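Asker: here's a sequence, model it:
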Amino acid sequence: MSTESVPARSSTSRVVLASLVGTTVEWYDFFLYGSAAALVFNQLFFPAGDPLIGTLLAFITYAVGFVARPLGGLVFGHYGDRLGRKKLLVLSLIMMGGATFLIGLLPTYESIGVAAPLLLTALRLVQGFAIGGEWGGAVLIVSEHGSARHRGFWASWPQAGVPLGNLLGTAVLAVLAAVQTDEAFLAWGWRVAFLLSGVLVLIGLWVRLAVAESPLFLEAANRAAERGEPDKAPITEVLRRYRREVVTAMGARFAENVVYYVLTSFVLTYVATFLELPRGVALNASLIAAVVHFISIPLWGALSDRVGRRPVYLLGAIGTGVWAFVFFAMLDTKSFFVITFATTVGLVFHGAMYGPQAAFFAELFGTRVRYSGASIGYQLASIVAGSLAPIIATALLSVSGSSIPISIYVALCSVVTIAAVVWSPETRQRDLAADHAV
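Answerer: I've put the predicted structure just below:
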C-alpha cells in the first residue's frame, strides 16, 4: 500500500452533521419498511384471512433485511478498513436510496401475483446489505475525528440519526394517513413516502461528500505501509485477535436491538390490530416518543463521557427489562396519552444503551480492523435480536392472546445484555490509536 498524505481534519461539527444526515436518510428508508410492513404490506403483498398472519408474513420479509446486514457489515467493513470510511459510506447511501425508491414503484400481489412479494423481498435484501455497512462507517468516522474527552457525546449523534430517521418515516406516514382515506392510502398514498427517498438521498450525498477521510485511518495505513506490514484481511484479524470483543458487542447489542423494534415496529401491530385502535394512535404516539428519544441519545452519550460507558449502558438494560412489564399494561388502557408516555419512557431507557454504544464499540477494536470488528459485532446480533423481535412478539401474542410472554421475552434479552456489559472492561479512557486486543 502506498502512503497517502493525511489531510487537514474536517471540523468535528461538520463530520457529525454529515454522519447524522446520511444516517437519518438511510434509517428513514430502513424503518419506513417496518412501518409499512405493519400497516400496508400485510394487505397489499401478503393477503391472508387472518390479519395477524398477514402481518407475520410481512414481518418475515422485514427480518430478511436483518439477515443481509451481517453480510453488508462484513463486505463494507473489509473495504472500509482497506480503502477508507468515506467511500463506503457514500456507496451504502446510494444502494439504500435506490432500493427504497424502487419499492415505491412495485406492483402489488393483486397485479402480478407471487412476483410482488418476491421482488419486495429482493429489494429488502439490498436495504439490509446497505444498512449493514452504514452504521460502522458513520460512527467510526465521527469517533476517529473527534476528541477523546467528548467521544461519547459526538459519536452518539449518528446514533441519534436512527430515531430521527424513524421520526421522519413515521411523520410522513402519519401525515399521509391523516389527509387520505384508508382506500387512497392503500392504493397509492404509501408510495409517496418511499419515492421521497430519492430526494433525501441527494441531500445526504451532497453533505457526506464534503467530509474528509478519517485521519486515524490514514495515519494507520501510512504506518503500515512504511513498516512494510503485510496487507492482512481485516476479518481474519478480528476473528484471531478480537473474539472476546465481538462477543461483547453482540451481547451488549441484544436487548437494545430487541427493545427498539418492539417499541417502534411491533407496537404498531399491537395497538392497531390487537387493541383495534385507529392507525393514527400508534403512529402519533411513536412520533412524539421519537422526538424525546432523539434528544436523549446525545445526553446519555455525554453522561458516558463523565461516568463511563458501562454504568450508563447497564442503567438502560436494567430499565428496559423492568419497563417491559409496565409498558404493555399501559398500552392496554387504550389511552393515547398513556400509550405515548409508555413508549417514550421505553425509548429513553433504550437511549441509555444506544447513546454510549457507538463510542463503546469503537473503543473495543484497533484502527486497522475497527470497521470490520464493530460492524460484525453490531450486525450479527441483529439477526437473532432485532430481526426476530417483531416476529417472536407477534407469534407470542397470536398464540397466548396476552402480552405477558412478550414482557418475559424482553426481560430475558435484558439479562443477556447485562451479563455482556458486566463482562466487558470500561473503555472510556482508551486511546483509539492504540491496539487493545487481548
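
Asker: would you point out which residue is most central in this structure?
Answerer: residue 162 (5.8 Å; CA atoms, centre = their mean).

Asker: now that one: closest residue in space, sequence neighbours ignored.
Answerer: residue 27 (4.9 Å; CB to CB, 6 or more residues apart in numbering). Backbone N, C-alpha and C define where each C-beta goes, glycine included.

Asker: in which helix or strand would I find the one you found?
Answerer: If you go by DSSP states H and E, residue 27 is part of helix 12-36.

Asker: buried stuff in that helix?
Answerer: Across helix 12-36, burial judged by 16 or more other CB atoms under 10 Å covers 15-36.

Asker: check stretch 194-201 too.
Answerer: Buried residues in stretch 194-201 (16+ other CB under 10 Å): 194, 196-197, 200-201.

Asker: dump the residues you listed to a markdown table, plus pLDDT, secondary structure and distance to residue 176.
Answerer: Formatted as a markdown table, the buried residues of stretch 194-201 follow (pLDDT from 0 to 100; DSSP: H, G, I helix; E, B strand; the rest coil; distance: CB to CB, whole Å):
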| residue | pLDDT | secondary structure | distance to residue 176 |
| --- | --- | --- | --- |
| 194 | 87 | helix | 11 |
| 196 | 86 | coil | 10 |
| 197 | 84 | helix | 14 |
| 200 | 82 | helix | 16 |
| 201 | 83 | helix | 20 |
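
Asker: how far does the strand or helix carrying residue 170 sit from its chain's centre?
Answerer: Assessed by DSSP H and E, residue 170 sits inside helix 151-179. Taking CA atoms, centre = their mean, to the nearest Å, one finds the center of helix 151-179 at 11 Å from the center of the full chain.

Asker: the next helix-or-strand element following that helix: how far from the chain's middle?
Answerer: Counting by DSSP H and E, the next helix or strand C-terminal to helix 151-179 is helix 182-184. Distance of helix 182-184 from the chain centroid (CA atoms, centre = their mean) equals 30 Å.

Asker: show me what helix 182-184 is in contact with.
Answerer: Residues outside helix 182-184 that contact it (CB atoms under 8 Å, 6 or more residues apart in numbering): none.

Asker: ok, 10 Å please
Answerer: 43, 176-177, 189-190, 278-279 (CB atoms under 10 Å, 6 or more residues apart in numbering).

Asker: columns pLDDT on top of the residues you listed, output as a markdown table?
Answerer: Shown next, in a markdown table, are the contacts of helix 182-184 (pLDDT from 0 to 100):
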| residue | pLDDT |
| --- | --- |
| 43 | 76 |
| 176 | 82 |
| 177 | 74 |
| 189 | 82 |
| 190 | 82 |
| 278 | 84 |
| 279 | 72 |
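
Asker: the residue nearest to the centre of the chain touches residue 355, doesn't it?
Answerer: No. Between residue 162 and residue 355 there is no contact under CB atoms under 10 Å: 11.1 Å.

Asker: other SSEs contacting the helix holding residue 170?
Answerer: For helix 151-179, the packing partners by 3 or more CB pairs under 10 Å, 6 or more residues apart in numbering; DSSP states H and E come out as helix 12-36, helix 115-143, helix 190-195, helix 197-208, helix 243-261, helix 279-307, helix 309-331, helix 336-362.

Asker: mind redoing it with 8 Å?
Answerer: helix 12-36, helix 115-143, helix 190-195, helix 279-307, helix 336-362 (3 or more CB pairs under 8 Å, 6 or more residues apart in numbering; DSSP states H and E).

Asker: buried residues in it?
Answerer: Neighbour counts over helix 151-179 (16+ other CB under 10 Å) mark 151-174, 176-177 as buried.

Asker: also stretch 105-121?
Answerer: Buried residues in stretch 105-121 (16+ other CB under 10 Å): 106, 108-109, 116-117, 119-120.

Asker: let's have the residues you listed in a markdown table, adding distance to residue 388 and pLDDT.
Answerer: As requested, those are exported to a markdown table (distance: CB to CB, whole Å; pLDDT from 0 to 100):
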| residue | distance to residue 388 | pLDDT |
| --- | --- | --- |
| 106 | 25 | 90 |
| 108 | 26 | 84 |
| 109 | 24 | 80 |
| 116 | 24 | 82 |
| 117 | 19 | 81 |
| 119 | 23 | 86 |
| 120 | 19 | 85 |
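
Asker: go through those residues and say which is closest to residue 318.
Answerer: Closest approach to residue 318 among the buried residues of stretch 105-121 (CB to CB): residue 120, at 38.2 Å.

Asker: if I pick the closest one, what's in contact with it?
Answerer: Contacts of residue 120 by CB under 8 Å, 6+ apart are 41, 45, 61, 103, 106.

Asker: try it again at 10 Å.
Answerer: Residues counted as contacts of residue 120 (CB under 10 Å, 6+ apart) are 33, 36-37, 41, 44-46, 58, 61, 64, 102-103, 106, 108-109.

Asker: hang on, residue 412 packs against residue 317?
Answerer: No. The pair residue 412 and residue 317 does not pass the contact test of CB under 10 Å, sitting 11.8 Å apart.

Asker: mutual contacts of the two, please.
Answerer: 254-255.

Asker: who's more crowded, these two?
Answerer: Taking neighbours as other CB atoms under 10 Å, residue 412 and residue 317 compare with residue 317 leading, 28 against 14.

Asker: so the nearest residue to that one once chain neighbours are set aside, which of the three states?
Answerer: Closest residue in space to residue 317, ignoring its immediate chain neighbours: residue 417 at 4.4 Å, by CB to CB, 6+ apart. On the three-state scheme (DSSP: H, G, I helix; E, B strand; the rest coil), residue 417 is labelled helix.

Asker: which residues touch residue 417?
Answerer: Taking CB under 10 Å, 6+ apart, one finds 250-259, 313-314, 316-318, 320-321, 353, 381, 385 in contact with residue 417.

Asker: likewise residue 201?
Answerer: 22, 25-26, 28-29, 93-98, 100-101.

Asker: ok, 8 Å please
Answerer: Counting by CB under 8 Å, 6+ apart, residue 201 touches 25, 93-94, 96-98, 101.

Asker: ditto for residue 266
Answerer: 38, 389-390, 393-394, 406.

Asker: using pLDDT, spot the least trustworthy of the residues you listed.
Answerer: Ranked by pLDDT, the contacts of residue 266 bottom out at residue 38 (67).
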